[in-house]
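Asks: can you look at this prediction? I've put the sequence above it.
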Amino acid sequence: MKHANISIFIPHIGCPHRCSFCDQRTISGTQRAPSANDVRSICEKALCEVKSPENTEIAFFGGSFTAIPRGYMTELLETAREFIGTGKFRGIRISTRPDCIDSEILGILKKNSVTAIELGAQSMCDDVLEANERGHSAEDVADACALIREHGFELGLQMMCGLYGSTEKNEFETIDRIIELSPDTVRIYPVVILKGTKLAELLESGEYKPFEFDTVLDICSDAIMRFSYEKIKVIKCGLHASEFVEKDMVGGFYHPAFRELCENLIYRRRTEEFIAFHEPRDNIYKIAVNPSCISKAAGHKRSNIEYFRKSHTEVKFIGDENIPIYEIGEVK
C-alpha cells in the first residue's frame, strides 16, 4: 500500500541560521505559524478523507521542527498525537537540522508518537556547507544519524544538488556518504534560486555560476539509481509544483516533472547499453521492463522512443514482473 503524508508546514521560526538558499515562506507557501487548533482541524478533516490512515503519517515540514520554541513544539505534537493509533494515523514525521538533535529532544519526540525524522543534510562536504552558511558540518549529520538510529526512529536524509561552491565531485561524494549512513529514505532537491536569498545575490553578481541543467539531471539520475540499488527509498526528487516557487524563482533547476525527467534518462542509458550488446528482432529492439515503468522507459511524451528513432532505431518496451525497477532485460 502506498505511503502518504498529511503535511503541515511550519514557517521559518526558531531556526538559528538563514542558509544561502532559504526562503521558507516561498517554499512552503505559507506565512502564519499553525496553531494547535489548526493542527486538530487539519487532522480531523484528513481522517475523514484518507482511505488508508494506517499507511499515513502526520508530517511537520517546512522549517526546522526541533528548533522552534519548545512549548510550541510540544503543543503541536500533543495535538497531533490525538490522531495516532488504531483506526487513526500510523505516526508523526518531522524534518529538522542535524545540529538541532540531541537525546533530550529525541525523548520528547518518541514520547509523542514521532516515528520518522528527516535531516536536512544538503551536502556532505564541509566546504559546500560553509559556503552556503548552513552552520553545521558533515560530521554533525553523521552524529545526528547515529543518535536517531539509537533511539529507534526511521531516518530520512535530504540532499541539495547544485549549491553554491559545489562541484560534480562534491555531489558524488555526498551521494557516497549518504549511502554509507544508510538512511531509510532520501529526498533529492536540485537547487532552486529564489528572490531575496543569498543565492539570488550571488547569481546576480556573477559569483555563483550554477551547473548546466543537464549536469544536474545527470547527477540526480545517478543518485536515484544508486539509492534505489541500496534499498534506500527516494521519496522525493525536485520541489513540488507551486505557484509560489514559479513566481519567485530567479534561477536553478526547477521543473514540475523533474523526477520523471531523471527516470527517463535512467532508462535511456539502460536502453543504449542494451542496444550496444544485442541485435534487433524484426528490426525492433524489444526490451523488458517492470510493468510499472513502461511509461518511464518510453520517456516524457515518448521522448525516449523519439530519441532512438532519430538514429533510425526502433525500440519497444514490454512489461515483465520479474524485472526490477530501473533494470531492463531481454523479452523471453
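Replies: Received, thanks.
Asks: Thr56 versus the spatially most distant residue from the centre of the chain, what's the distance?
Replies: Residue farthest from the centre of the chain, counting by C-alpha atoms, centre = their mean, is Asp282 at 41.7 Å. For Asp282, the distance to Thr56 (C-beta to C-beta, to the nearest Å) stands at 48 Å. (Glycine included, C-beta is placed from N, CA and C.)
Asks: next one: Met124
Replies: Taking C-beta to C-beta, one finds Met124 at 31 Å from Thr56.
Asks: likewise for Ser35?
Replies: For Ser35, the distance to Thr56 - C-beta to C-beta - is 22 Å.
Asks: where in the stretch 201-332 of the chain is pLDDT low?
Replies: In the predicted model of the stretch 201-332 of the chain, residues 241-244 satisfy pLDDT under 70.
Asks: can you tell me the element the residue nearest to Asp218 when sequence neighbours are not counted falls in?
Replies: Leaving aside its sequence neighbours, Asp218 sits nearest to Leu265 (C-beta to C-beta, 6 or more residues apart in numbering; 7.1 Å). Assigned by DSSP states H and E, Leu265 belongs to helix 258-277.
Asks: the chain: helices as residue ranges?
Replies: With DSSP state H as the criterion, the chain has helices at 24-28, 36-49, 70-81, 103-111, 126-131, 138-150, 168-181, 198-205, 213-229, 243-248, 258-277, 294-298, 303-309.
Asks: any chance of the ones you listed in a markdown table, plus distance to Ile8 and mean neighbour count?
Replies: Shown next, in a markdown table, are the helices of the chain (distance: least, C-beta to C-beta, whole Å; neighbours: other C-beta atoms under 10 Å):
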| stretch | distance to Ile8 | mean neighbour count |
| --- | --- | --- |
| helix 24-28 | 10 | 20 |
| helix 36-49 | 6 | 14 |
| helix 70-81 | 8 | 18 |
| helix 103-111 | 15 | 15 |
| helix 126-131 | 28 | 18 |
| helix 138-150 | 21 | 18 |
| helix 168-181 | 26 | 17 |
| helix 198-205 | 27 | 17 |
| helix 213-229 | 26 | 19 |
| helix 243-248 | 17 | 14 |
| helix 258-277 | 23 | 18 |
| helix 294-298 | 31 | 19 |
| helix 303-309 | 37 | 15 |
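Asks: can you add distance to Phe89 and give those helices back as JSON lines?
Replies: Below are the helices of the chain laid out as JSON lines (distance: least, C-beta to C-beta, whole Å):
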{"stretch": "helix 24-28", "distance to Phe89": "21"}
{"stretch": "helix 36-49", "distance to Phe89": "7"}
{"stretch": "helix 70-81", "distance to Phe89": "8"}
{"stretch": "helix 103-111", "distance to Phe89": "16"}
{"stretch": "helix 126-131", "distance to Phe89": "34"}
{"stretch": "helix 138-150", "distance to Phe89": "21"}
{"stretch": "helix 168-181", "distance to Phe89": "27"}
{"stretch": "helix 198-205", "distance to Phe89": "36"}
{"stretch": "helix 213-229", "distance to Phe89": "26"}
{"stretch": "helix 243-248", "distance to Phe89": "27"}
{"stretch": "helix 258-277", "distance to Phe89": "25"}
{"stretch": "helix 294-298", "distance to Phe89": "30"}
{"stretch": "helix 303-309", "distance to Phe89": "39"}
